[in-house]
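Student: sequence and predicted structure below; questions after.
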Amino acid sequence: MAIGISGYSAYIPRLRIKKEDYAKAWGSFSAAGVAEKSVMGFDEDVLTAAAKVSKRALESVPMAPDKVTRFAFASTSPPYFEKLLSGTVLYSVGMPNSAFSSDHTTSTRAGTEAMIAGFEHISANQTGMAVVVAADAPSASMWDSVEHALGAGAAAFVLSADNLVAELEGHASYASEYFGERFRPRGNPYLHDLNVKKYAEGSLITNTTRAANALLKSLNRKPEEYQHVVIQQPDARVPTTVASRLGFTDAQLASSLVSKSLGDLGAASVPVALAAALDVAKVGDQIMVISYGSGAGSDALSFKVVSDRKAPVKVQAEMDRKEYIDYVKYLKIKGAIV
Amino acid sequence: MAHVSVPMYWRTIPQRYKMIGQKCKKCGAINFPPKGVCKYCQTSSEFEEIQLSGRGKVHTFVLISAGGAPPEFAEQEKAGGQYPVAIVQLEEGPKVIGQIADVDPKEVKIDMPVKAELRKIYTEEEVIRYGFKFVPG
């Protein structure tokens, strides 16, 4: 029986800061290909964003929230390091308390980790219904160039065996041991990066290409058979590097390259980018999805679009709804002035 | 700061996170936020829980500027600037006070349609107090 995505939605906070404001403050801007990025408001966090976007995704499907049997929440920037996070969202959205909920928080791969957890649940319970949400607004020290790319966004998916928008064709993963790239030592609120670029790129390429090639092989597919490829976007250049290594083209990347105007969405990067690809995909289109998280691991998922039902709010509309702030206001909102 | 203990705040979670109101079993009026005795007939204390839509319109509003914010909202005002607080008439009838978020304060108008969504209200005892605010829509 086919399982897949029955509904989806994205949410982008409306504040934006431009790369020119960084350049004015620091003399440079180190996020390749990023022109501006999204910023959460003072009264928002990943749980409020997750609640908003989960509700939107549930409103987009002809199934009731009280039928949800599985809920998975993903973020690298949770407001608490210990305390169930998914409970806040599950309760406020009106999903049943009895739905099995889980939190996925330790790398930017968390978004697809949650999706695969949701799909595994539906594979085992074909009358079940899963909601998977990724919401992220990663933080680093303002002195660290890795901070420049960090944006904010969220996307949610309703997974089931009914009313499919996109059918899951398969998934594959690859995990390995790497260190020194994008990590947060215990007790430290900010992420670190030793900035050893070539070494970090080695981890990125190894993990993503092995996960994606394993999936292509198991489906007996070639990259050129896909209309869309969605790749982790720590900036706007990394996905093009991974795409070309695998044999995908920039044209296949175009529909999902949201980092140009939103920055690095962390665990929500691939989920928001997938929502953008679904927004424009036609029935019959195939979508390859490849995430990456430092430490390191990658998930690859393949979808086939089976319905032209779209999210009620398009990612493009969310990107167009914006208010610019300057760097001083950005520092105040991020709590960087103490 | 007006201290609200964690257990006291927790008891108000249904109204703050989900807009759960009460329908009076005697007169049928809808109370929000929930009351001990119906605000309308003032005789019944028996209610059934009802899920409100969260939609309404601005009945009236005020803009809170520097120096005007209560201590728990002072940091919000300093970081984000002036913010609107409105009395919103919910579509089920009750009027309720709440902040309006995600809007340029100058664009808030009487009768503007709004809907409730979850936001951080303030933090006390290192516990984030979530609750509804209104946003345009």
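Tutor: Perfect, I can see it now. Treat the numbers as computed from the prediction; the structure is a model and nothing was measured.
Student: point me to the residue of the stretch 201-338 of chain A nearest chain B.
Tutor: A:K332 (4.2 Å; Cβ to the nearest Cβ). In this view, the C-beta of every residue, glycine as well, is placed from N, C-alpha and C.
Student: okay, and that residue sits in which element?
Tutor: Using DSSP states H and E, the element containing A:K332 is helix A:327-333.
Student: buried stuff in stretch A:212-226?
Tutor: For stretch A:212-226, a neighbour-count test (16 or more other Cβ atoms under 10 Å in any protein chain shown) marks A:212-216, A:221, A:223, A:226 as buried.
Student: excluding chain neighbours, what is closest to residue 60?
Tutor: Went with chain A since none was named. Of all residues not flanking A:S60 in the chain, A:G7 sits nearest, at 4.1 Å (Cβ to Cβ, 6 or more residues apart in numbering or on different chains).
Student: you looked at the wrong chain, it should be chain B
Tutor: Closest residue in space to B:T60, ignoring its immediate chain neighbours: B:I87 at 5.2 Å, by Cβ to Cβ, 6+ apart.
Student: relative to B:A29, how far out is the one you found?
Tutor: 18 Å (Cβ to Cβ, to the nearest Å).
Student: so which helix or strand of chain B has the lowest pLDDT on average?
Tutor: helix B:71-80 (a mean of 90; mean pLDDT, DSSP states H and E).
Student: I'd like the next helix or strand past it.
Tutor: strand B:83-90.
Student: against which helices or strands is the next helix or strand after that next one packed?
Tutor: The C-terminal neighbour of strand B:83-90 among helices and strands, as given by DSSP H and E, is strand B:95-99. In terms of contacts (3 or more Cβ pairs under 8 Å, 6 or more residues apart in numbering or on different chains; DSSP states H and E), strand B:95-99 is packed against strand B:83-90, strand B:127-136.
Student: pLDDT score for the closest residue to A:P13 other than its chain neighbours?
Tutor: Ranked by Cβ to Cβ, 6+ apart and with sequence neighbours excluded, the top spatial neighbour of A:P13 is A:M40, at 4.5 Å. Per-residue pLDDT puts A:M40 at 97.
Student: what number of residues lie near A:M40?
Tutor: Using other Cβ atoms under 10 Å in any protein chain shown, A:M40 is surrounded by 25 other residues.
Student: quick one, what contacts it?
Tutor: A:13, A:15, A:49, A:137, A:152, A:333 (Cβ atoms under 8 Å, 6 or more residues apart in numbering or on different chains).
Student: now A:A32: closest residue in space that isn't a chain neighbour?
Tutor: By the measure of Cβ to Cβ, 6+ apart, the closest residue to A:A32 outside its immediate chain neighbours is A:R237, 3.9 Å from it.
Student: same thing with A:M95?
Tutor: Using Cβ to Cβ, 6+ apart and skipping the chain neighbours, the partner closest in space to A:M95 is A:V68 (4.3 Å).
Student: from A:S9, how far off is that neighbour?
Tutor: 15 Å.
Student: same question for A:E113.
Tutor: In this view, A:E113 and A:S9 are 20 Å apart by Cβ to Cβ.
Student: so which of B:I87 and B:A29 has more stuff around it?
Tutor: Neighbour count, other Cβ under 10 Å: between B:I87 and B:A29, B:A29 has more, with 17 against 14.
Student: need the contact list for that one.
Tutor: Per Cβ under 8 Å, 6+ apart, neighbours of B:A29: B:23, B:38-41, B:93.
Student: same thing but 7 Å
Tutor: Shown in contact with B:A29 (Cβ atoms under 7 Å, 6 or more residues apart in numbering or on different chains): B:38, B:40-41.
Student: tell me where the stretch 101-250 of chain A has helices.
Tutor: Assigned by DSSP state H, counting those that start in this stretch, the stretch 101-250 of chain A shows helices spanning A:110-124, A:197-219, A:238-246, A:250-253.
Student: of these, which stretch is the most buried?
Tutor: Among the helices of the stretch 101-250 of chain A, helix A:110-124 has the highest mean neighbour count (mean count of other Cβ atoms under 10 Å in any protein chain shown), at a mean of 23.
Student: rounded mean pLDDT for it, please.
Tutor: Average pLDDT, helix A:110-124: 98.
Student: could you give the angle of that helix to helix A:197-219?
Tutor: Helix A:110-124 runs at 20 degrees relative to helix A:197-219, counting by axes from the mean of the first three to the mean of the last three Cα atoms, to 10 degrees.
Student: now do helix A:110-124: everything it contacts.
Tutor: Contacts with helix A:110-124, where a contact means Cβ under 7 Å, 6+ apart, come from A:3, A:70, A:72-76, A:102, A:104, A:128, A:130, A:132, A:134, A:157, A:159-161, A:168, A:171, A:267-268, A:270-271, A:289, A:291, A:293, A:299, A:301.
Student: do stretch A:331-338 as well
Tutor: Contacts for stretch A:331-338 (Cβ under 7 Å, 6+ apart): A:39, A:42, A:139, A:142, B:79-80.
Student: let's see if you can find the most crowded of those residues.
Tutor: Within the contacts of stretch A:331-338, A:V39 tops the neighbour count with 26 neighbours, counted by other Cβ under 10 Å.
Student: check contacts around that residue.
Tutor: Neighbours of A:V39 in contact, by Cβ under 7 Å, 6+ apart: A:13, A:15-17, A:152, A:325, A:330, A:333.
Student: wait, B:A69 touches B:E77, no?
Tutor: Yes - B:A69 is within contact range of B:E77, at 4.2 Å (criterion: Cβ atoms under 7 Å).
Student: how about the strands in the stretch 1-150 of chain A?
Tutor: Secondary structure of the stretch 1-150 of chain A (DSSP state E, counting those that start in this stretch): strands at A:4-11, A:15-18, A:36-39, A:70-74, A:100-104, A:130-136.
Student: dump those strands to TSV, plus distance to A:P62.
Tutor: As requested, the strands of the stretch 1-150 of chain A are arranged in TSV below (distance: least, Cβ to Cβ, whole Å):
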stretch	distance to A:P62
strand A:4-11	9
strand A:15-18	34
strand A:36-39	30
strand A:70-74	19
strand A:100-104	23
strand A:130-136	15
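Student: nearest to A:L85, of the ones you listed?
Tutor: Within the strands of the stretch 1-150 of chain A, the stretch nearest A:L85 is strand A:100-104; the backing value is 4.7 Å (Cβ to Cβ).
Student: between the closest one and strand A:130-136, how many degrees?
Tutor: Going by the same axes, to 10 degrees, strand A:100-104 makes 20 degrees with strand A:130-136.
Student: packing partners for strand A:100-104?
Tutor: strand A:70-74, helix A:86-93, helix A:110-124 (3 or more Cβ pairs under 7 Å, 6 or more residues apart in numbering or on different chains; DSSP states H and E).
Student: the ones you listed: which one's closest to B:A101?
Tutor: Taking the helices and strands packed on strand A:100-104 one by one with Cβ to Cβ, helix A:86-93 is closest: 15.4 Å.
Student: send over that closest one as PDB, restricted to the C-alpha atoms.
Tutor: Taking Å, rounded to 0.1, in the frame of the first residue of the first chain, the C-alpha atoms of helix A:86-93 are listed here in PDB:
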ATOM      1  CA  SER A  86       6.600  18.000  21.300                       C
ATOM      2  CA  GLY A  87       4.000  18.000  24.100                       C
ATOM      3  CA  THR A  88       3.700  21.800  24.000                       C
ATOM      4  CA  VAL A  89       2.900  21.600  20.200                       C
ATOM      5  CA  LEU A  90       0.800  18.500  20.300                       C
ATOM      6  CA  TYR A  91      -1.400  20.000  23.100                       C
ATOM      7  CA  SER A  92      -1.800  23.400  21.600                       C
ATOM      8  CA  VAL A  93      -2.700  22.100  18.100                       C
END
